[in-house]
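K.L.:
Have a look; sequence and predicted model below, questions after that.
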Amino acid sequence: MIVLDTCAMIFDDLDPERMGRRACRALDAASARGTAACSDISLWEIAMLAARGRLDPGTDVITFIDLVVTSRNLQVLPITPEVAHLSASYRGFAHADPADRIIASTALFLRAPLLTPDARLRAVKGLKVLWG
């Protein structure tokens with residue numbers, strides 16, 4: 001399984017050149033196997049970006065989110081009690097962004113790599129990051 005950061009979900013659909021070969025190969029393989037996933041908070045982040053005018057999905061946000069999830073056969077993972085606890089207590093986080101902490105904690109809890117270009121998340125101890 002691989003977990004996608006919100007920006008990876010957006011780049012994959014709207015700006016795939018930003019993904020890089022390694023990230024695309026990993027996502028293609030996981031998508032084909034049915035092992036690509038995202039945290040449910042990423043759906044909220046996409047909706048917030050669109051509502052604030054920071055993202056133009058080219059369609060209504062509900063349709064866009066549905067297309068992002070279905071086009072890559074993404075499993076939408078809930079914020080479990082374990083993920084919530086990890087995101088609040090893990091000392092390896094260098095920043096306080098709650099969505100990033102939940103996304104990274106989801107990957108940490110599952111012992112899955114995270115697909116992200118985010119340098120702050122790359123710095124999280126114990127988190128395997130795929131990009132490039």
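P.N.:
The structure has been received and is ready for your questions. Quick caveat, the model's predicted, so the values are computed rather than measured.
K.L.:
the bottom helix or strand of the protein by mean pLDDT?
P.N.:
helix 119-122 (a mean of 92; mean pLDDT, DSSP states H and E).
K.L.:
Please name every helix or strand in contact with it.
P.N.:
When contacts are defined as 3 or more CB pairs under 8 Å, 6 or more residues apart in numbering; DSSP states H and E, helix 119-122 sits against helix 98-110. Quick note: C-beta positions are derived from backbone N, CA and C, even for glycine.
K.L.:
Give me the contact list for the helix it packs on.
P.N.:
Contact with helix 98-110 is made by 1, 3, 5-6, 37-39, 41-42, 44-45, 77, 79-80, 82-84, 86-88, 90, 93, 95, 112-114, 116, 118, 120-121, 124, 126-128, as judged by CB atoms under 8 Å, 6 or more residues apart in numbering.
K.L.:
same thing with stretch 10-20?
P.N.:
For stretch 10-20, contacts defined as CB under 8 Å, 6+ apart pick out 4, 8, 24, 27, 46, 49, 55, 57-58, 64, 67-68, 71-72, 117, 131-132.
K.L.:
now stretch 60-80
P.N.:
Surrounding stretch 60-80, the residues in contact under the criterion CB under 8 Å, 6+ apart are 1, 3-4, 9-10, 12-13, 27, 31, 34-41, 43, 46-47, 50-51, 57-59, 102, 106, 109-110.
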